[in-house]
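Peer 1: here you go, sequence then predicted model.
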Amino acid sequence: MKRLLLASLLALAAVPASAQLSQFGWFAELAGSCWRGEPRSDGRSDEQCYRAQFGKFMRGSIRFYSAGKLTGEGDSVFAFDPQAKVVIYSQWSSNGGMGFGEAVLEGGDLVFQNRLPDGTDAPARTVWKRIDADSYLVARQRRSERGDWNEESAVTYTRVRPAPPAPGKG
């Protein structure tokens, strides 16, 4: 029995993190790398790093820069809810902000919707579109008075380096 358990654990450890996290869709493919957003016209940019954690969760960290200087940081934890078939997440930042939300795959796009403290949807969301193996686009959208979504901004992220290891690797 011990040998079977050990063999099962070794087999699971050999499976790439993205395969262990297949319920996350293409989002799981970001694990293990850091991604830099193209600099905006005002000199602001950010870098996001994603890692698999405990074989079931994804952890993300972000660093914000202005004119090349670090101005803030944040972390997120993502988990898949098999009942609702959504990714739920919690996020917090160095400025004291925190939030919760859900992400769903819609036609290949990953739609992130934050929740307000009363549980209602925030009036803005982000839609992530995979471009290719080394890049993705994040579009920030705001709901109009008519109820449709209008794009406010968009940033392309490009893979820049491996992510540092997370606690509870893989």
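Peer 2: Structure received.
Peer 1: can you pull the contacts of the nearest residue to A84 once chain neighbours are set aside?
Peer 2: Excluding its sequence neighbours, the residue lying closest to A84 (Cβ to Cβ, 6 or more residues apart in numbering) is E102, at 7.8 Å. For glycine as for every other residue, the C-beta is placed from the backbone atoms N, C-alpha and C. Residues near E102 by Cβ atoms under 8 Å, 6 or more residues apart in numbering: 84, 86-89, 112-113, 115.
Peer 1: regarding E102, what is its secondary structure?
Peer 2: Here E102 is recorded as strand under DSSP: H, G, I helix; E, B strand; the rest coil.
Peer 1: for it, give me the pLDDT.
Peer 2: E102 carries a pLDDT value of 95.
Peer 1: specify the beta-bridge partners of it.
Peer 2: I88, Q113 (DSSP bridges).
Peer 1: pLDDT weak spots in this structure?
Peer 2: Applying pLDDT under 70 to the chain picks out residues 1-20, 166-170.
Peer 1: which parts of it are helices?
Peer 2: Assigned by DSSP state H, the chain shows helices spanning 2-14, 17-20.
Peer 1: what separation do you get for the spatially most central residue of the chain and Y89?
Peer 2: Nearest to the mean C-alpha position of the chain, by Cα atoms, centre = their mean, lies G60 at 5.8 Å. Distance from G60 to Y89, counting by Cβ to Cβ, to the nearest Å: 8 Å.
Peer 1: now Q48
Peer 2: 13 Å.
Peer 1: what about the strands in the chain?
Peer 2: Assigned by DSSP state E, the strands in the chain fall at 33-37, 44-53, 57-66, 69-81, 86-93, 98-106, 109-115, 121-132, 135-143, 149-162.
Peer 1: mind checking the ones you listed for the one nearest to S22?
Peer 2: Of all the strands of the chain, strand 69-81 sits nearest to S22, with 9.4 Å by Cβ to Cβ.
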